[in-house]
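1. could you look at this predicted model? Sequence included:
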Amino acid sequence: MAERSPSLDAHSLKILVELQRDARVYVAPAVIDGKVYLRPCIVNFRTSDADVRALVEIAREVGNRLAKER
């Protein structure tokens, strides 16, 4: 398996901070084997597939915006 770039972990942390500032969705960080991941926690039984897709789209939007700002 290819080694993960430290810059990818830094980008994930920036996305995390921006998602929390944006406030449309909330995710927490998870560090697994030294790698940073975004961790949503869905506990509301009313959460729909559309809600989960929206979370992914918002994270993608924020990540793309941050990548362009580099």
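-> Yep, that arrived. Numbering: from 1, shown residues only.

2. how many other residues sit next to Leu16?
-> Applying other Cβ atoms under 10 Å, we find 21 residues neighbouring Leu16. Any C-beta I mention is one placed from the backbone N, CA and C, and that applies to glycine too.

3. what pLDDT is listed against it?
-> Per-residue pLDDT puts Leu16 at 94.

4. where exactly do the helices run in this protein?
-> Using DSSP state H, the helices assigned to the chain run over residues 6-22, 49-69.

5. can you redo those helices as a markdown table with distance to Asp33?
-> Shown next, in a markdown table, are the helices of the chain (distance: least, Cβ to Cβ, whole Å):
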| stretch | distance to Asp33 |
| --- | --- |
| helix 6-22 | 11 |
| helix 49-69 | 21 |
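
6. wait, which of these is closest to Val43?
-> Taking Cβ to Cβ, helix 49-69 is the member of those nearest to Val43, at 12.1 Å.

7. counting by contacts, list what the closest one packs against.
-> Applying 3 or more Cβ pairs under 8 Å, 6 or more residues apart in numbering; DSSP states H and E, one finds that helix 49-69 contacts helix 6-22.

8. what's next to the helix it packs on, contact-wise?
-> Helix 6-22 has contacts (Cβ atoms under 8 Å, 6 or more residues apart in numbering) with 25-29, 35-38, 58-59, 62-63, 65-67.

9. hang on, the earlier thing: can you say which of the helices of the chain is packed in most?
-> helix 6-22 (a mean of 15; mean count of other Cβ atoms under 10 Å).
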